[in-house]
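**Q** Predicted structure and sequence below. I'll ask about it afterward.
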Amino acid sequence: MLIETRNLTKQFGGLTAVKDVDFEIEKGKINAIIGPNGAGKSTFFNLVSGSYIPTSGQVIYRGKDITKLPPNKIAELGVARTFQTTNLFEQATVLDNVIVGHRLRTKYNLLDAVLRTKRYKKEEKKCKDKAMEVLDFVGLTNITDQLAGNITQEEKKRVAFALALATDPEVVFLDEPAAGINSGETEGLAELMKKMVKRGITVCLIEHKMQMIMKLADKIMVLNYGEKIAEGSSEEIMNNQDVIEAYLGGDASA
Amino acid sequence: MPAMTKKSIALIALIIGAMVIPFIIQNEYWLHILTLSFIWSIAVYGLNILAGYTGYLSLAHAGFFAIGAYALGLLTVKVGLNYWVALILACIITSGIGFLIGLIALRTREHFFAIYTLCVGYVIYLVIDKWDSLTGGVRGLIGIPAPSNIGPISFQSATSQYYLILFFLLATVLVMYRIVHSLTGRTFIAIRNSEELAQTIGISTMKNKLTVFVLSTFFAGLAGALYASFIRFIGPDIGYTAIIFDLLTYLLVGGIGTLAGPVVGTILIVSVSQSLQFLQDYRMLIFGPMLTLIIIFYPRGIVGMVSEWKMKWFNKKKKTPAEKWKSTYSDSKDVREDKVKEG
Ligand SMILES: Nc1ncnc2c1ncn2[C@@H]1O[C@H](COP(=O)(O)OP(=O)(O)OP(=O)(O)O)[C@@H](O)[C@H]1O
Ligand SMILES: [Mg+2]
């Protein structure tokens, strides 16, 4: 177990977006969170990655309480994420977008940049090499020089993966990586996630594409109105009465 | 890479051009105007690294310019410090005040940041205007000395002042170039692009924003201090709100978020507005629409416009796929050679 949430709760005014969620993210596995629109999945991610501070409850990462840490500190500890809407810097090249992802692993300040010290050269090279390495990993070496604004939706998703991987994470949280791309491309991304796990990176993803999840995930949690209504393997989830009801009774987004 | 050498040749030509200008324009008035626009350019560079690269539009920078100017003026006239010591202290004082204001101002974002800093700028102006016993109030501060000699070099003549200011401008551009083309610059750009994303890739946004804010006030202060010793007289209106909108106009016309934008925009607008002086305030009838058109069609100003044209021209002239492939291939070969050299 890599990350554990205990009674995690987030309220926005009167609305409880995440309610008393206990979840364990298993190391070296593909963990998935599913649920209808507005179920609180993205909010759950935001709580774990430090973007939101929970109203109550705890987030434990490798035995350490990270509930109140800011997102950049959590990233330093090895937790990376992508967003539901990919926000790359479109006027820069793919490579330039990814280089900065390794910034957190450098010791480097303004003076190094201005004086072009040895350390500057070393760290710049380190970041560039890391960027090339992760772009190679996600299969984008052929478009490193293209502007991020000019590449396809699927390539953008891969760049977002690369950026997350450039931080040298232990675990990556992927928020609907397959949204807005076709089924062939979805296959490709699923392969990529498996490849990440093989590299020893734990994956946790949110996804609406049920087929993909059922094939891919080792462990699934189902959220509905902020509450965990089921947890288990794909088979357990598929046969779970509460889940079927939530999906058929809700606005059936699956 | 041939493009790089072309660029550096152009750059060297420009610098040599700037060096020989005093021999070409014998007219002292125009040399004065040019020197003045170099000074303003330095302040605009300060604004650019913050507003252009990090996405925080500060409207307090006329205030910081004035703080730099008054710090130098007071330290030389009232305290009697050596000019160079005063210059360094003026920059430090401005950045120090910038640090304190940044701590608070950077808790806001976007228009709230702009409005907050606008107020800060106005408060700075008011303090200078009303604190009679320190600043001389509306009467201003007179008798500010020119830069004192460095060994045999004196800075009394207009030409020598021109070279001194040119030196500071080039140093500023060099520092900006190095920052922008480094991880630090990428970090700032990442913050501009999305603070949320920047934070999740481990960037401490507050620390970086504070760094860039202090840096940008440093350059505003430096420009102010140089201004004070160049004009030799300062009044509270150098910190007035109108000045920040001038600086902003220079930046927007030249190209916000570009390296050449500040100097291009400042020289252009300052000299055009000098040539049109006979029109008095009706000049604004020309500048207003011009600014609007530039912002609509070229959000990255003249520099953005030129690079767009260059790109179009380049694309027309070139490239068959094979050539394209070859050029990317040779680029990656360059990279590999670099690695071998360093490794
Ligand atoms: N910052 C916020 N302020 C107020 N309410 C919010 C905020 N973020 C999310 N919510 C609300 O919390 C609930 C859960 O939202 P969340 O984005 O976590 O859902 P989701 O499961 O990711 O949905 P989707 O599948 O549509 O992405 C929604 O009702 C949403 O409107
Ligand atoms: Mg969501």
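**A** It's in. Numbering: from 1, shown residues only, chains lettered A, B, ... in the order given. Ligands and ions are numbered 1, 2, ... in the order given.

**Q** three-state assignment of the residue most central in space within chain A?
**A** For chain A, the residue sitting closest to the mean C-alpha position, by C-alpha atoms, centre = their mean, is A:Phe173 at 2.0 Å. Look at A:Phe173: counting by DSSP: H, G, I helix; E, B strand; the rest coil, its state is strand.

**Q** For the closest residue to it other than its chain neighbours, give me its contacts.
**A** Residue nearest to A:Phe173 in three dimensions, not counting chain neighbours: A:Arg81, with 4.0 Å by C-beta to C-beta, 6 or more residues apart in numbering or on different chains. (C-beta placed from N, C-alpha, C; glycine too.) Contact partners of A:Arg81, counting by C-beta atoms under 8 Å, 6 or more residues apart in numbering or on different chains, are A:Phe45, A:Ser49, A:Ala164, A:Val172, A:Phe173, A:Leu174, A:Asp175, B:Thr200.

**Q** One more pass at 6 Å, please.
**A** Listed by C-beta atoms under 6 Å, 6 or more residues apart in numbering or on different chains, the contact set of A:Arg81 reads A:Ser49, A:Phe173, B:Thr200.

**Q** Ok, A:Glu154 next?
**A** Contacts of A:Glu154 (C-beta under 6 Å, 6+ apart): A:Ile181, A:Glu185.

**Q** got the domain boundaries for the chain?
**A** Looking at chain A here, since you left the chain open. Per automatic domain parsing, the structural domains of chain A span A:1-78+A:170-254, A:88-168.

**Q** To clarify, I was referring to chain B.
**A** B:8-299, B:303-343.

**Q** Relative to ligand 2, which of those is closest?
**A** Closest approach to ligand 2 among the domains of chain B (C-beta to the ion): domain B:8-299, 14.0 Å.

**Q** Pull up the distance across the closest one, start to finish.
**A** Taking C-alpha to C-alpha, to the nearest Å, the first and last residues of domain B:8-299 lie 26 Å apart.

**Q** Mind checking the domains of chain B for the one nearest to A:Lys68?
**A** Nearest to A:Lys68, of all the domains of chain B, is domain B:8-299, at 14.7 Å by C-beta to C-beta.

**Q** Do you know the pLDDT at the nearest residue to B:Ser148 once chain neighbours are set aside?
**A** Distances taken as C-beta to C-beta, 6+ apart place B:Tyr83 nearest to B:Ser148, at 4.2 Å, with adjacent residues excluded. At B:Tyr83, the model reports a pLDDT of 93.

**Q** Was I right to think B:Tyr83 contacts B:Asn149?
**A** No. Using C-beta atoms under 6 Å, B:Tyr83 is not in contact with B:Asn149, being 9.2 Å away.

**Q** These two: which is more packed in?
**A** B:Tyr83 (20 against 12; other C-beta atoms under 10 Å in any protein chain shown).

**Q** B:Leu134 versus that one, what's the distance?
**A** 20 Å (C-beta to C-beta, to the nearest Å).

**Q** any chance you could map the helices in chain A?
**A** For chain A, the helices defined by DSSP state H occupy A:41-48, A:71-76, A:94-99, A:110-115, A:118-137, A:153-165, A:183-198, A:210-216, A:234-238, A:241-249.

**Q** and the shortest one, what's its mean pLDDT?
**A** Spelled out, it's helix A:234-238. pLDDT averaged over helix A:234-238 gives 83.

**Q** and residue 219, what does it touch?
**A** Picked chain A for this. Under the criterion of C-beta under 6 Å, 6+ apart, the contact list for A:Lys219 reads A:Glu26, A:Lys29, A:Asn31.

**Q** Correction: the question concerned chain B.
**A** With the criterion set at C-beta under 6 Å, 6+ apart, B:Phe219 makes contact with B:Ile42, B:Tyr45, B:Gly46.

**Q** Can you give me the pLDDT of the second one?
**A** B:Tyr45 carries a pLDDT value of 97.

**Q** Secondary structure of it: a strand, I assume?
**A** No. Using three-state DSSP, the assignment for B:Tyr45 is helix, not a strand.

**Q** Pull the contacting residues for it.
**A** B:Tyr45 makes contacts with B:Thr172, B:Met176, B:Phe219, B:Pro262, as judged by C-beta under 6 Å, 6+ apart.

**Q** rewinding a little: between the helices of chain A, which one is closest to ligand 1.
**A** In terms of C-beta to the nearest ligand atom, the element of those nearest to ligand 1 is helix A:41-48, at 3.2 Å.

**Q** ok, and what's touching the closest one?
**A** A:8, A:10, A:17-18, A:33, A:35, A:52, A:54, A:59, A:84, A:173, A:175, A:206, A:223.

**Q** Tell me how many other residues surround the residue of chain A found nearest ligand 2.
**A** Using C-beta to the ion, A:Ser42 is the residue of chain A that sits closest to ligand 2, at 3.1 Å. Per other C-beta under 10 Å, the neighbour tally for A:Ser42 reads 20.

**Q** tell me the pLDDT at it?
**A** At A:Ser42, the pLDDT recorded in the model is 94.

**Q** In the chain, where is pLDDT below threshold?
**A** Using chain A. Low-confidence segments of chain A, defined by pLDDT under 70: A:248-254.

**Q** My question was about chain B, not that one.
**A** B:1-4, B:317-343.

**Q** which bits of it sit near chain A?
**A** B:175, B:178-179, B:182-184, B:186-187, B:190, B:193-194, B:197, B:199-204 (C-beta under 6 Å from any C-beta of the partner chain).

**Q** Number of residues surrounding B:Cys61?
**A** Small correction: residue B:61 is His, not Cys. For B:His61, the number of neighbouring residues by other C-beta under 10 Å comes to 32.

**Q** about what we covered before: of the contacts of helix A:41-48, keep whichever come out buried.
**A** By neighbour count, with 16 or more other C-beta atoms under 10 Å in any protein chain shown, the contacts of helix A:41-48 hold A:8, A:10, A:17-18, A:33, A:35, A:52, A:54, A:59, A:173, A:175, A:206, A:223 as buried.

**Q** Residues of the stretch 1-150 of chain A that sit close to chain B?
**A** With C-beta under 6 Å from any C-beta as the criterion, the stretch 1-150 of chain A comes near chain B at residues A:49, A:71-72, A:75-76, A:81, A:87, A:89, A:100-101, A:103-104, A:108, A:110, A:113-114.

**Q** Chain B: which of the contacts of A:Lys219 is nearest?
**A** A:Asn31 (18.3 Å; C-beta to the nearest C-beta).
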